[in-house]
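# one predicted model, sequence on top.
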Amino acid sequence: MAQYVAVIEDAGPDEAVGLWFPDLPGCISGGDDFDEALENASEALALYAQDLIADGRQLPPPRTLDQLKADPDVADDLRNHTVALIDWPPLTETE
């Protein structure tokens, strides 16, 4: 099972919580709070994968957190926001 790094941006109590994947350009999600944003992350990832497959492509392999920290395009975001690992494919209730 792969795990994609998600960056979670919490703008405060009056704003939605945003979530994005550094390895998956344009794959974003969010929620009213941190927990909801995490719950929605797997669905966003599934929809993103579905679109890629429809175009004859596959999800790119995820980079490790250390690899992402070495990437100057995302290093600051990793330092300044919460990071979560999102399983792919997502676990089912029977697993």
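Nice, thanks for sending it over. Numbering: from 1, shown residues only.

# give me the number of residues near Ile86?
Ile86 has 19 neighbours, counted by other C-beta atoms under 10 Å. Heads up, the C-betas are built off the backbone N, CA and C, glycines and all.

# read off the pLDDT value for it.
Reading off the confidence values, Ile86 has pLDDT 94.

# strands along this structure, start to end?
With DSSP state E as the criterion, the chain has strands at 2-10, 17-20, 28-31, 82-88.

# helices or strands up against the longest one?
When contacts are defined as 3 or more C-beta pairs under 8 Å, 6 or more residues apart in numbering; DSSP states H and E, strand 2-10 packs onto strand 17-20, helix 34-54, helix 75-80, strand 82-88.

# got the angle between it and helix 34-54?
130 degrees (axes from the mean of the first three to the mean of the last three C-alpha atoms, to 10 degrees).

# what residues of strand 2-10 count as buried?
When burial is assessed from 16 or more other C-beta atoms under 10 Å, strand 2-10 yields the following buried residues: 4-9.

# what sits up against it?
Contacts of strand 2-10 with the rest of the structure, by C-beta atoms under 8 Å, 6 or more residues apart in numbering, involve 17-24, 34, 37-38, 41, 45, 59, 61-63, 65, 68, 74, 77-78, 81-88.

# and which of the buried residues of strand 2-10 is nearest to Ala49?
The nearest member of the buried residues of strand 2-10 to Ala49, counting by C-beta to C-beta, is Tyr4 at 10.2 Å.

# ok, what's across the strand from that closest one?
Beta-bridge partners recorded for Tyr4 (DSSP bridges): Ile86.

# show me the shaky parts of the chain.
Along the chain, the model assigns pLDDT under 70 to residues 91-95.
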